[in-house]
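# Sequence and computational prediction follow.
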Amino acid sequence: MNSKRRLQACLQSLEKNKEQAAAARMKTNAVVLAGPGSGKTKTLTTAMARTLIEDVEEPRGVACITYNNECAYELEDRLNALGIERDDRTFIGTLHSFALTQIILPYGRCVLPDWVNGLSVATEEERAEAIAIAHANTIGGNDDPKKRWEFASDKRKRIIDREAPDWRGRNPELADFIEAYEAELRSRKKIDFDDMPLLAYDMVAHHAWIRDSIRAKYPVLFIDEYQDLGRALHLLVLKLCFESGIRLFAVGDADQSIYGFNGAEPSLLDELSMRADVSTIQLKFNYRCGTRIIRASMAALGEERDYKGPDGAHQGLISFHPIKGGRAAQATFVLNTLVSQLQDAGYSLNEIGVLYRWAKHGKDLVELAEAKGIPFVRADNQALIKRNSPVARFVERCARWAIGGWRLADPKFAHLLREATSLVFGTTAKEQERKQLESELVKFLKPVDPQSPVHDWLRQFRDEVVAPWSARARTIGENWTDLDEMIERTTPNGKGSALGMGVFCGDTSGSGALNLSTFHSAKGREFRAVILLEMNDDVIPNHKSRSNKMRRFKAICLNLSTASLPLRSPPDAQKHHVAGAARPTRRRLSDRLSSRERRTARRRDRSALSRRDR
C-alpha cells in the first residue's frame, strides 16, 4: 500500500469525527484546540501527510516544531506508518533545533556581527563561569550571581525584542547583566540553548530575505503543543506566517500548559486562536478516558470544556487507598498490592504508570522495585535514559535493534543511519561521510542476547563508535557525554546495576517494565492504569487551589488514560493517600477490592463532582 492509499484510508477513518476530518483537510491558517485524548497526534500527522502529498510539490516540504524530542520521535513514527519517510523535505524537531539548523547555521555568518566559526554550545560549567564574570562586571556586590540570574533569565525569555521599551525601561541592570553574559559566551565561541530562539528571531525580524528563504523551503509550518513553546516561538510565528506568508497549522490546549517555569505562556495560544485570519477548530471527543474520568478532570480544572466520550465509552474506575505511614509505606502498598492486583486482572507492567510530583517521591519505589526484582523504567531527572537527549535515545534504539528489532525492522536500520548522520553532521553530510557512518554502524551492530549486561555493550559502543563520531562531529548542540552517564549508572554500584539489554530497552518477555514518572515527564504519554502517589499535604494541589496552573496540573494527571481525584489529607499526619484508576477489563479490578473500599471511592467521587456542579 503506497502513501496515497494509506492517507486516504486515514482520512476516511476521521470522517466519523467532523472536527478531526475538517482539521486534517485545512488549507488555510488553522489552530486546532485539542484536549486530552482527542486524537491530536493522529490529526496532526494526517494533516502533515496530506499537505506533503497534495499541497506541496517537491523539492519544497513542511516543517513541524515540537515541544521535545520525544514528541518528534512519535510524529516521525506516525508518518512512517502512513508511508512517509523523513527526508530533506521534512523537518521535525524542537524549537531549538529549528532555530539552530534552519536559521542560525545556514544564515548566521551572513548577518550576525559577532559570528565566529567553530561555535559550540556552552556546558553548565561554562555557563556558570560566564554568569559569575558578567555579574562581577555589571552588578557586583555580595549578591549570589546564580539567584540574581534567575531574574535575568526570566527577563531574557520574556522580552524577546530588545528594541522594545521594556528591555531597558525596567530593571536596566538586568539587561546589562544579560548582555555581559552573552558577550562572555561569545568571547569563548559559545552560545547557550536560550540563545538559539533569541538569535533566530532577531535574524528573521530584521532580514526579510531570510524569511523568504525559509518560506521557499517550507511553505507550511506545523506546530505541536503550541501552549508550551513560549514567546520566542510566538514572535517567530507572527513574522514567518503573518508577515511572510507561510501557512500555519498549530495544535495545542491551554489547559495542558504546566511549563511556566520554562517560559510557556498559554495565553499566546488563546491570542493566536482569536485572530481573524485564523480558522479555529475545537476537538470535542476524549477517546482515551472513561466518562467518569472526563467528568472528574473537569471538576479538577474548575471549568467546563464540553468534552465528551464517544458513544459506548467505558466509565473507567477510580479508587482511593488511605495508607498509614510515609512514602515507604505507600511504595510497599503500590508494589505489593495495587500492581499485583492489576497484573492479576490482566494488565502488563508496561501498561501501568506510577506517577509522583518530584523525583524524590520515587526513591522508595525504586529501592523496593530493585529489591523485588521488578523491572522498571524511570522518567524523571534520575532516569537512566534521558528521554529528551537525542544521543541517549539513539543509543537506546540501537540496543533495541540489536536484541531483536532487526528481525521486524523495528527500528529500521535506515532510520538509525539517518539519526546517526544527523547527530554527527546535521544537514551537511557528504555522501562519503554518510557511507563511512553506515560502515561503522554495520560493523558494530550485531544481534545480542537480551539477557546480556547492558553496561558492557554501552562501553563497547562508546569506545568503538561514539567516541570517533564525536571527535569529527560538526554539530554543536549534541551532548555526547550523556552516554558516559549511562555507562556510569550501569556499573555494579550504579542505578542500573546488573541491568540486561532487554530491560534497558523496555522489553522483558512481552510484559515490559513498570513506568515510574514525574507528572511533568508523563505529560503526553498514555497508560492503561495510573497510580498517583502523595495525594496529601498538597503535594498534588487540593480542590481549593486558586492557581490556574495547579488546576491544569490536576486535570492533566486525570487524563493520562485513567486517573483519580486528589484527596485532602486527613488530620492524622501519618496517614497518606494513594489513588489509582484503571480501564475495565473482563475481570474488573473493583472485584478485588473490599465493599467498604468501593463505597468509599464512590462516595468521594460523587462528592468531588458535586463540588464542580456547585
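Yep, it's here. Numbering: from 1, shown residues only.
# Can I get stretch 455-467 in PDB, CA atoms only?
The C-alpha trace of stretch 455-467 is given here as PDB (Å, rounded to 0.1, in the frame of the first residue of the first chain):
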ATOM      1  CA  HIS A 455      27.000  -2.000  30.800                       C
ATOM      2  CA  ASP A 456      29.500  -3.900  28.700                       C
ATOM      3  CA  TRP A 457      27.600  -3.200  25.500                       C
ATOM      4  CA  LEU A 458      27.400   0.500  26.200                       C
ATOM      5  CA  ARG A 459      31.100   0.800  26.900                       C
ATOM      6  CA  GLN A 460      31.900  -1.000  23.700                       C
ATOM      7  CA  PHE A 461      29.500   1.200  21.700                       C
ATOM      8  CA  ARG A 462      31.100   4.300  23.100                       C
ATOM      9  CA  ASP A 463      34.700   3.200  22.500                       C
ATOM     10  CA  GLU A 464      34.200   1.800  19.100                       C
ATOM     11  CA  VAL A 465      31.600   4.000  17.600                       C
ATOM     12  CA  VAL A 466      30.500   7.100  19.500                       C
ATOM     13  CA  ALA A 467      34.000   8.400  20.600                       C
END
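# buried set for it?
Buried positions in stretch 455-467, judged by neighbour count with 16 or more other CB atoms under 10 Å: 455, 457-459, 461-462, 465-466. No exception for glycine: its C-beta is placed from N, CA and C like everyone else's.
# now that stretch: how far from the chain's centre is it?
Offset of stretch 455-467 from its chain centre (CA atoms, centre = their mean, to the nearest Å): 27 Å.
# hmm, who's touching that stretch?
391, 395, 398-399, 402, 440-441, 444, 448, 480, 483-484, 486-487, 490-491, 494, 496, 499, 501 (CB atoms under 8 Å, 6 or more residues apart in numbering).
# Now that stretch: average pLDDT?
If you average the pLDDT over stretch 455-467, you get 95.
# again with stretch 161-180
pLDDT averaged over stretch 161-180 gives 94.
# next one: stretch 33-50
91.
# Report the backbone C-alpha coordinates of that stretch in PDB.
Taking Å, rounded to 0.1, in the frame of the first residue of the first chain, the C-alpha atoms of stretch 33-50 are listed here in PDB:
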ATOM      1  CA  LEU A  33      -7.700  23.200  20.100                       C
ATOM      2  CA  ALA A  34      -7.200  19.600  21.200                       C
ATOM      3  CA  GLY A  35      -8.000  18.400  24.700                       C
ATOM      4  CA  PRO A  36      -6.600  15.200  26.300                       C
ATOM      5  CA  GLY A  37      -7.200  12.000  24.400                       C
ATOM      6  CA  SER A  38      -8.800  13.900  21.500                       C
ATOM      7  CA  GLY A  39      -6.800  12.300  18.700                       C
ATOM      8  CA  LYS A  40      -4.500  15.300  18.400                       C
ATOM      9  CA  THR A  41      -1.400  13.400  17.200                       C
ATOM     10  CA  LYS A  42      -3.400  11.500  14.600                       C
ATOM     11  CA  THR A  43      -5.000  14.700  13.300                       C
ATOM     12  CA  LEU A  44      -1.600  16.500  13.100                       C
ATOM     13  CA  THR A  45       0.200  13.700  11.300                       C
ATOM     14  CA  THR A  46      -2.700  13.100   8.900                       C
ATOM     15  CA  ALA A  47      -2.700  16.900   8.100                       C
ATOM     16  CA  MET A  48       1.100  16.800   7.600                       C
ATOM     17  CA  ALA A  49       0.900  13.700   5.300                       C
ATOM     18  CA  ARG A  50      -2.000  15.200   3.300                       C
END
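# before we move on, back to that, the buried residues of stretch 455-467 in strands, which ones?
Residues from those lying in strands, with DSSP state E as the criterion: none.
# Dump those residues into CSV; add distance to residue 274 as well.
Shown next, in CSV, are the buried residues of stretch 455-467 (distance: CB to CB, whole Å):
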residue, distance to residue 274
455, 54
457, 53
458, 50
459, 55
461, 50
462, 51
465, 51
466, 48
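# Farthest-apart pair in those residues, please.
Within these, 455 and 465 form the most distant pair, 16.0 Å apart (CB to CB).
# Please tell me I have it right and residue 68 contacts residue 388.
Yes - between residue 68 and residue 388 there is a contact at 4.9 Å, judged by CB atoms under 8 Å.
# give me every residue that touches the residue nearest the centre of the chain.
Geometric centre of the chain, nearest residue: residue 68, 4.5 Å, by CA atoms, centre = their mean. Counting by CB under 8 Å, 6+ apart, residue 68 touches 94, 387-388.
# Can you list the low-confidence ranges for this structure?
Applying pLDDT under 70 to the chain flags residues 1, 258-262, 298-302, 304, 312-313, 492-498, 506-511, 524, 536-614.
# Tell me where it has strands.
Going by DSSP E, the chain shows strands at 30-34, 62-66, 90-94, 120-121, 190-191, 220-223, 247-252, 279-283, 317-324, 352-356, 376-379, 514-518, 529-532, 575-582.
# Looking at the buried residues of stretch 455-467, which one is closest to residue 381?
For those, the nearest to residue 381 is residue 458 (19.9 Å; CB to CB).
# Distance check, residue 118 against residue 109.
From residue 118 across to residue 109, the span is 12 Å (CB to CB, to the nearest Å).
# Between the two, which has more neighbouring residues?
residue 109 (12 against 6; other CB atoms under 10 Å).
# For the more buried one, which non-adjacent residue is spatially closest?
residue 115 (5.0 Å; CB to CB, 6 or more residues apart in numbering).
# Look at that neighbour and say how many residues are nearby.
The number of residues packed around residue 115, counting by other CB under 10 Å, is 14.
# is it true that it touches residue 108?
Yes - judged on CB under 8 Å, residue 115 makes contact with residue 108 at a distance of 5.2 Å.
# mind listing what residue 108 touches?
Counted by CB under 8 Å, 6+ apart, residue 108 has contacts 115, 199, 203.
# Kindly recompute the last result at 10 Å.
100, 114-116, 119, 191, 199-200, 203, 210 (CB atoms under 10 Å, 6 or more residues apart in numbering).
# Most neighbours among the residues you listed, which one is it?
residue 100 (27 neighbours).
# Is it in contact with residue 200, as I believe?
Yes - the criterion here is CB atoms under 10 Å, and residue 100 meets it with residue 200 at 7.8 Å.
# How much space separates residue 154 from residue 177?
For residue 154 relative to residue 177 (CB to CB), the value is 12 Å.
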